[in-house]
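In: predicted model and sequence below, questions to follow.
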Amino acid sequence: MSAPWWQWVASTDSLTTRIVSAGGERPFRVRLLRQGVGFPQPHEALALGMAARRYAWRREVALCVDETPWVVARSVAPLEALRGQCLENLGERSLGSWLFRQPDLVRGPLYATRHAPGFTFPGDASSLWGRRSVFQHGCKHGGLSLLVQEYFLSTMADDLALPSR
Ligand SMILES: C=C(O[C@@H]1C=C(C(=O)O)C=C[C@H]1O)C(=O)O
């Protein structure tokens with residue numbers, strides 16, 4: 001991985017905040033693609049330590065600058081752990097804006113991938129790098145585990161003059 005991409009892929013603070021600042025004057029928007037309840041994919045269940053046939057909350061978004069998707073993301077959490085977290089009401093507000101306000105937040109290791117996202121998204125950009133990590137908070141009270149998978153698109157590389165990988 002090139003050094004400029006490492007800066008993005010290995011960052012552990014809020015990606016939303018980074019994208020907003022990299023976009024400069026251009027408007028930022030979270031475009032909600034899909035959200036609802038269903039089964040996790042087997043690799044997602046494994047990452048979350050949950051049974052594959054338990055229900056999960058799933059959310060897919062595009063993080064857009066000037067209406068151009070730069071990053072697409074899919075987040076998955078076991079439904080039973082979500083009670084009272086009101087994540088369904090996030091709408092087009094960034095998950096990061098809520099997540100990084102949680103005082104006892106712990107982020108697990110980041111795993112990078114060159115695989116394409118396992119979900120469809122608008123536009124004809126390709127994914128250059130993907131990554132995922134599990135966030136946990138409120139562990140002492142049997143709290144929330146949230147798997148966040150983010151894919152950096154070629155449109156972002158074009159706009160920021162980043163290398164192809
Ligand atoms: C996790 C963050 O939030 C971002 C926002 C998301 C959303 O709104 O669904 C999903 C993934 C993230 O890239 C972050 O800002 O780091």
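Out: Here it is on my side, so go on.
In: okay, now W5: neighbour count?
Out: Residues lying near W5 (other C-beta atoms under 10 Å) number 18. C-beta coordinates here come from the backbone N, C-alpha and C atoms, glycine included.
In: can you pull the buried residues of the longest helix along the chain?
Out: Counting residues, the longest helix in the chain under DSSP state H turns out to be helix 15-23. Buried residues in helix 15-23, counted by 16 or more other C-beta atoms under 10 Å: L15, T16, R18, I19, V20, G23.
In: can you tell me, leaving aside adjacent residues, what's nearest to the fourth one?
Out: The one in question is I19. Nearest non-adjacent residue to I19, counting by C-beta to C-beta, 6 or more residues apart in numbering: L63, 5.5 Å away.
In: cool, and the last one?
Out: Computed as C-beta to C-beta, 6+ apart, the closest residue to G23 that is not its neighbour in sequence is V65, at 4.0 Å.
In: which element follows the longest helix of the chain toward the C-terminus?
Out: Following helix 15-23 in sequence order, the next helix or strand is strand 28-38 (DSSP states H and E).
In: quickly run through the sheet partners of that next one, with directions.
Out: According to DSSP bridges, strand 28-38 forms sheet pairs with strand 56-65 (antiparallel).
In: re the thing from before, in JSON lines, list the buried residues of helix 15-23 along with distance to the ligand and pLDDT.
Out: Output for the buried residues of helix 15-23, formatted as JSON lines (distance: C-beta to the nearest ligand atom, whole Å; pLDDT from 0 to 100):
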{"residue": "L15", "distance to the ligand": "4", "pLDDT": "97"}
{"residue": "T16", "distance to the ligand": "3", "pLDDT": "97"}
{"residue": "R18", "distance to the ligand": "8", "pLDDT": "97"}
{"residue": "I19", "distance to the ligand": "8", "pLDDT": "98"}
{"residue": "V20", "distance to the ligand": "9", "pLDDT": "97"}
{"residue": "G23", "distance to the ligand": "13", "pLDDT": "97"}
